[in-house]
Each structure stands twice: as structure tokens, then as C-alpha cells.
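# Give me a 3D structure for the following:
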Amino acid sequence: MSQDAMKKAAAEAALAFVEPGMIIGIGTGSTANHFIDLLAGIKGKIDATVASSIASAERLKSHGIRVLDLNEAGQLSLYVDGADESTEHLHLVKGGGGALTREKIVAGASDKFVCIADDSKLVRTLGKFPLPIEVIPMARALVAREMVKMGGNPVLRQGFTTDNGNVILDIHNLTIMNPVEMEDRINRIPGVVTNGLFAIRPADVLILGGVGGVQTLI
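A predicted model of the protein is given here:
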């Protein structure tokens with residue numbers, strides 16, 4: 001089974017969490033795209049969606065699925081998104097696609113966060129995947145210096161601007177032993193919008209597609 005097929009299997013399993021009349025938060029990236037495409041098959045069941053990126057909003061609209069602004073939608077019942085890494089405690093690293101801030105906002109506004117991924121994303125310790133940080137442009141050098149003090153190697157994501165008009169620093173060589181503490185510590189640096197650790201508000205359910213089928217961690 002290909003990695004893409006594993007992602008699709010995880011996305012398909014997440015459909016079980018969709019209930020009639022829901023407004024669903026939708027993430028960004030290849031696995032979330034599978035969920036969007038599958039959701040199109042049952043779009044009559046849901047009321048609307050809230051997208052975490054312009055790209056996801058456009059994909060949803062292309063399927064004829066209603067997309068609301070989060071301020072209009074209010075509290076959401078369900079958020080479905082992928083991850084770049086996850087531990088068995090459902091602490092995540094996200095933001096490979098650069099939508100981490102809006103993803104964190106939509107996750108924070110949702111009662112249940114279902115994370116979907118292929119089983120290669122399950123790790124013992126977070127940090128092998130570079131940790132993305134969304135930064136206000138004038139603070140780029142300041143944040144980079146602070147991350148060096150924390151043992152990281154910051155690299156500016158070249159030619160990339162977030163949907164919010166900011167830049168991304170990808171932090172290499174971190175070993176994240178306490179994700180909750182590190183998430184909070186990085187977010188206290190002036191100029192940081194947010195970072196790609198989802199540990200203060202982790203996933204509630206992790207669905208992993210693998211060669212042997214789908215595994216669910218709660």
C-alpha cells in the first residue's frame with residue numbers, strides 16, 4: 001500500500017465522526033485534501049465547513065461544499081486535519097504546509113480534533129521534522145537568535161508567505177522532550193504569531209493508516 005493510499009484510508013475512517021448538521025473545521029495538506037474529496041460524497045449530510053487555509057477553502061468550494069468564516073460559524077463540533085509528526089500522547093508537529101496559525105485557531109474553536117495521517121508520522125519524540133514558526137517579518141532575526149539559544153537551527157522558508165502575510169522559520173535539530181512547555185516558551189517570544197506544536201491543545205483522536213489497516217489512538 002502506498003503512503004498516499006494510507007493517508008486516504010485514515011481520511012476515510014474520519015468520516016465516521018461526521019454527524020448530520022455539523023459545521024466541520026477542515027485542515028490543510030495532502031491528507032486533509034483526501035478528507036475534503038471524500039466529504040464531497042456526503043456533503044448533503046453537513047451544514048457547512050470552516051477552512052484553515054485559502055487552498056482548502058478553494059478545494060471545498062470546488063466540490064460545492066459551503067465554507068463559512070469562523071467568526072460567523074462560532075464553536076465547531078469537529079476539526080479534521082493531518083500532521084507532520086505525532087506522539088502516542090497525541091502531541092503534534094504541524095505546519096509543513098504553512099497554515100499552522102489558522103489550523104491552531106480552528107482547532108481551538110472545535111470540540112473534537114481528529115488527526116489523520118499515515119503511520120510513518122507516529123514518533124517517540126517530536127523534532128525530527130523541522131518545527132515551523134510563523135513570525136512577523138520584522139522579528140525574524142530576533143526569533144532566530146532565540147531559537148539558537150534553545151538549541152535549534154532556524155532556516156527561513158524561502159519564497160513563502162503565509163495567508164496572514166508573515167514568514168515561516170523552520171527550526172531544525174530540536175529534540176522536543178516537553179512539547180507543552182516548549183510550545184508555550186516559543187509563543188512568548190515577541191514577534192512569534194504561533195508555532196507548529198499542537199500540545200497545549202493536542203488532538204483528541206489520532207487515526208493512522210498503515211499497511212495492516214487503520215489504527216485509532218485516543
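# Now do the domain split for this protein, please.
In terms of domains, the chain is parsed into 3-123+200-217, 131-196 (source: automatic domain parsing).
# which residues sit against stretch 63-71?
Stretch 63-71 is contacted from outside by 23, 25, 36-37, 39-40, 43, 46-51, 57, 60-61, 76, 105-106, 109, using C-beta atoms under 8 Å, 6 or more residues apart in numbering. Every residue, glycine included, has its C-beta placed from N, CA and C.
# Can you say which of these are buried?
Among the contacts of stretch 63-71, those scoring as buried are 23, 25, 36, 39, 46, 48-51, 57, 60, 76, 106, 109 (criterion: 16 or more other C-beta atoms under 10 Å).
# want to try TSV for the residues you listed, with distance to H91 and secondary structure as columns?
Formatted as TSV, the buried ones among the contacts of stretch 63-71 follow (distance: C-beta to C-beta, whole Å; DSSP: H, G, I helix; E, B strand; the rest coil):
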residue	distance to H91	secondary structure
I23	26	strand
G25	19	strand
I36	25	helix
L39	26	helix
I46	28	coil
A48	30	strand
T49	26	strand
V50	23	strand
A51	24	strand
A57	27	helix
L60	28	helix
L76	21	strand
V106	18	helix
A109	20	coil
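# Let's check: the centremost residue of this structure is which one?
Centroid-nearest residue in the chain, with C-alpha atoms, centre = their mean: K94, separated by 4.6 Å.
# For V155, give me its contacts.
V155 sits next to 130, 169-172 when contact means C-beta under 8 Å, 6+ apart.
# one more time with 10 Å
V155 is in contact with 130, 144, 168-172, counting by C-beta atoms under 10 Å, 6 or more residues apart in numbering.
# Which stretches in this structure count as strands?
Secondary structure of the chain (DSSP state E): strands at 23-26, 48-51, 76-81, 85-86, 92-93, 110-118, 131-135, 153-156, 167-172, 192-195, 197-198, 205-210, 213-217.
# Ranked by average pLDDT, which of those strands falls at the bottom?
Sorting the strands of the chain by mean pLDDT places strand 213-217 lowest, at a mean of 88.
# other SSEs contacting it?
When contacts are defined as 3 or more C-beta pairs under 10 Å, 6 or more residues apart in numbering; DSSP states H and E, strand 213-217 packs onto helix 3-14, strand 110-118, strand 205-210.
# Export these to TSV and append columns for distance to M150 and mean neighbour count.
Below are the helices and strands packed on strand 213-217 laid out as TSV (distance: least, C-beta to C-beta, whole Å; neighbours: other C-beta atoms under 10 Å):
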stretch	distance to M150	mean neighbour count
helix 3-14	31	20
strand 110-118	25	23
strand 205-210	27	22
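# could you dump those to TSV with distance to V67?
As requested, the helices and strands packed on strand 213-217 are exported to TSV (distance: least, C-beta to C-beta, whole Å):
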stretch	distance to V67
helix 3-14	18
strand 110-118	16
strand 205-210	23
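# out of the ones you listed, nearest to L100?
For these, proximity to L100 was assessed by C-beta to C-beta; strand 110-118 is nearest, at 13.6 Å.
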